[in-house]
Structures are given as C-alpha cells and as structure tokens.
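J.: Structure for this input, please:
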Amino acid sequence: AVKIEDNFFSESFVSVHLESATDIISGNLKLGPLTPIESTVLRPTIMGPFAYIPKMECYHGVTSMNHYLDGSLEINGRIVAFSNGKGYIEKDWGTKFPKNYVWLQSNHFEEPDTSLFFSMAYIPFYVRDFLGFISNIQLNGKEYRFATYNNSKIKLSLPSNDTILVTMENSKAKVKIFGKAEHMGNLQAPVLSGMDKTIKEGVSGTIELELWDKENNTHYHGTGSMAGIEIVDAEDLVM
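T.: Here you go, the predicted structure:
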C-alpha cells in the first residue's frame, strides 16, 4: 500500500483527492477479486529467475491480470462511474526505467477472462546490456508465458510511430500481436535524478491478438480495446 498526502493506493482499494489550479479529482474505488499470474520457485514473478538477481535497474511485477471495479470518481464536477469496470495492476521498482522499451496491455476483449501483457527492453546487466522480453496471456482458463528465460523466440517491428507488431513462439504456442496507440498523453517516468523524464502513453488503443496453441491444436483471434501502449525510443528493439 502507498499513501501520498490524501491519496491512498492498495491492492483492494483506491482513494484519490487531488486538487490543482485547474483540476479537482476525488473519489473511491474498490478492486477485486484479483487474478495473479502463475508462479513457481524458479519463476517467482513475471521476471522469472531474473527476479533473484540483485541491483538490477528496474524490476517488474504483475499483481493482477484481470479484476472488477466498483466505485466512482468526481472529475471537475462530473461523476465518472467505474462500477462493473475492469482493472489491471502491475508495478515497477528500482532506480529508473529502461532507456528504450515497448509495453502493451489489454483485458478488454470479447471474452471477459482474456488478458494480455507484453514488454520488451534493453536491460543493463552489470558489464553489458541484453535484449529481454516478457509476456503473459490468459485465455480460456489457460496461461501462456513468452519470455527470454523460457527460450521463446521473438520478432518485433514498428510499422509506424504509433503501431507495433510482435510475433513470439515457443514449444507450446505461437502468438501474433498488433498494437495501435491512440490519444497519447504525457507521463512522468523515473530516472536517477527523480521523476524527470517525460514519455508518451496511450490508454485507449487497440490490440489484435492471434494465438495458436500447439498442445491443444486450437486457434484464437480477437481484438482488445482500452489498450495501454507505450513505445519509447524503440527503434533499437526492431529485430
């Protein structure tokens, strides 16, 4: 849980009271039940065995792939209802964000339990950097994990400034993801000096997901809305 002046954030409850020269936002939201990702001793978090390595620049965790919301916020006198909405929670901690990365997330598919997360970045690792990626997909009650640490293969391209195409494959499944960002806004991000870097993030994009399950010989094709998309100096990630 985190408390910042009159604002409180936890796994199950959010209370916001913000006031600036131009905006007033207040209200309460209840979250849950949460849907955590699968974990083992070797894969305690989405980072897999890298979660045990000390002094990494940035650690990442996925708290809930999918959960329901209840409550509302009053934004400049207008009530915005979140009841019967959907939520997703992830977290980062460390010293700063990677210098270049991409990030995709959506759980607003036609099927209520479908949820997707993907991230790729150059990771500083002691004397050298390496290109790492992590992805988790929940579909039809099954979890699909694609990551550097489980020998998955990846191909990434940037068809335009606001679109991204990712193909990943391992022994169990193959997935193709096409993301299109819309209505990008400014977001403050951490660097060593503080929250001094401004990046672009959109939370109303779309994601087209296509997945082939090799074990069950099944195929899925769907589109997710309200997608969170960040593309930050990602030209070096193209492969």
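J.: buried ones in stretch 27-41?
T.: Using 16 or more other Cβ atoms under 10 Å as the test for burial, stretch 27-41 gives Gly27, Leu29, Leu31, Leu34, Thr35, Ile37. Using the backbone N, CA and C atoms, a C-beta is placed for each residue, glycine as well.
J.: any chance of these in a markdown table, plus secondary structure?
T.: Listed next are the buried residues of stretch 27-41 as a markdown table, based on DSSP: H, G, I helix; E, B strand; the rest coil:
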| residue | secondary structure |
| --- | --- |
| Gly27 | strand |
| Leu29 | strand |
| Leu31 | strand |
| Leu34 | coil |
| Thr35 | coil |
| Ile37 | coil |
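J.: could you dump those to TSV with pLDDT and distance to Phe117?
T.: Supplementary listing: the buried residues of stretch 27-41 in TSV, determined by pLDDT from 0 to 100; distance: Cβ to Cβ, whole Å:
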residue	pLDDT	distance to Phe117
Gly27	98	26
Leu29	98	21
Leu31	97	17
Leu34	96	14
Thr35	97	12
Ile37	97	9
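J.: between those residues, which is nearest Gly141?
T.: Thr35 (11.0 Å; Cβ to Cβ).
J.: May I have the residues that are in contact with the closest one?
T.: Listed by Cβ atoms under 8 Å, 6 or more residues apart in numbering, the contact set of Thr35 reads Ser64, Met65, Asn66, His67, Ser115, Gln138.
J.: Which strand or helix spans the second one?
T.: Spelled out, it's Met65. Element membership for Met65, per DSSP states H and E: strand 58-75.
J.: Okay, buried residues for the helix or strand of the chain with the lowest mean pLDDT please.
T.: The helix or strand with the lowest mean pLDDT-type score in the chain, counting by mean pLDDT, DSSP states H and E, is strand 185-191 (a mean of 87). By 16+ other Cβ under 10 Å, the buried positions in strand 185-191 come out as Ala189, Pro190.
J.: What pairs with that strand, parallel or antiparallel?
T.: strand 194-213 (antiparallel) (DSSP bridges).
J.: So which bits of the strand it pairs with are buried?
T.: Buried, per 16+ other Cβ under 10 Å, within strand 194-213: Ile199, Glu201, Gly202, Val203, Gly205, Thr206, Ile207, Leu209, Leu211, Trp212, Asp213.
J.: residue contacts, Thr114?
T.: So Thr114 contacts Asn107, Ile137, Gln138, Leu139, Asn140, Leu209, Gly222, Gly224 (Cβ under 8 Å, 6+ apart).
J.: same check, this time on Thr148
T.: Here Thr148 is in contact with Phe130, Leu131, Gly132, Phe133, Ile134 (criterion: Cβ under 8 Å, 6+ apart).
J.: out of these, which is most surrounded?
T.: Neighbour tally across the contacts of Thr148 (other Cβ atoms under 10 Å): the maximum, 23 neighbours, falls on Ile134.
J.: which secondary structure element contains it?
T.: strand 128-139.
J.: For that strand, which strands pair with it and how are they oriented?
T.: Assessed with DSSP bridges, strand 128-139 is paired to strand 115-125 (antiparallel), strand 142-147 (antiparallel).
J.: least reliable of these going by mean pLDDT?
T.: Mean pLDDT per stretch puts strand 115-125 lowest among those, at a mean of 92.
J.: by how many degrees do that one and strand 58-75 diverge?
T.: 130 degrees (axes from the mean of the first three to the mean of the last three Cα atoms, to 10 degrees).
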